[in-house]
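**Student:** here you go, sequence then predicted model.
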Amino acid sequence: MEPLKRDQIDNELKQLDGWSFRDDKLHRELKFGDFRQAMAFMVRVGFEAEDLVHHPEWSNVYNTVSISLSTHDAGGKVTQKDIKLAKAIDKIYKEK
């Protein structure tokens, strides 16, 4: 998997909701009504990530989930795998 160039990442960010790019990763922080909703979201994303064979770096504190995406096989850079997972995360978040 080839890393995306900065202009490609910037183009993709225009189609993603609330994501930013820093430190060679895509980042997003998501808020939920409570801990249960945050955990349910993480479980759904976990299943999607497993299907894509691409797993996020993430953390959860009460109702907040912080996510970072990069591709280890591409030297920790952003690839199309990250874009695909970010789009899936956006879709799951909108369905909450």
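**Tutor:** Noted; the coordinates are in hand.
**Student:** only C-alpha atoms from now on, for both contacts and neighbour counts.
**Tutor:** Will do.
**Student:** any idea of the pLDDT on M1?
**Tutor:** The model reports M1 with a pLDDT of 86.
**Student:** in this structure, which residue is most central in space?
**Tutor:** The centre of the chain sits closest to A86, judged by CA atoms, centre = their mean, with a distance of 4.0 Å.
**Student:** who's in contact with that one?
**Tutor:** Counting by CA atoms under 8 Å, 6 or more residues apart in numbering, A86 makes contact with L16, L69.
**Student:** try K77
**Tutor:** By CA under 8 Å, 6+ apart, the residues touching K77 are P3, L4, D24, K25, S70, T71.
**Student:** phi, psi for A38 please.
**Tutor:** Backbone torsions of A38, given as degrees, to the nearest 10, read phi -60, psi -40.
**Student:** got any ranges where the chain has weak pLDDT?
**Tutor:** In the prediction, the chain carries no residues with pLDDT under 70.
**Student:** where along it do the helices fall?
**Tutor:** All helices of the chain, identified by DSSP state H, fall at 6-13, 35-52, 80-94.
**Student:** what's the second one packed up against?
**Tutor:** Counting contacts by 3 or more CA pairs under 8 Å, 6 or more residues apart in numbering; DSSP states H and E, helix 35-52 is packed against strand 64-69, helix 80-94.
**Student:** in TSV, list these along with distance to W19.
**Tutor:** Listed next are the helices and strands packed on helix 35-52 as TSV, based on distance: least, CA to CA, whole Å:
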stretch	distance to W19
strand 64-69	9
helix 80-94	8
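**Student:** check these for me and report the most buried one.
**Tutor:** Across those, the average number of neighbours (mean count of other CA atoms under 10 Å) peaks for strand 64-69, which reaches a mean of 20.
**Student:** counting by contacts, list what it packs against.
**Tutor:** Against strand 64-69 (3+ CA pairs under 8 Å, 6+ apart) you get strand 25-31, helix 35-52, strand 57-61.
**Student:** mean neighbour count, those: which tops it?
**Tutor:** Highest mean neighbour count of the helices and strands packed on strand 64-69: strand 25-31, a mean of 18 (counted as mean count of other CA under 10 Å).
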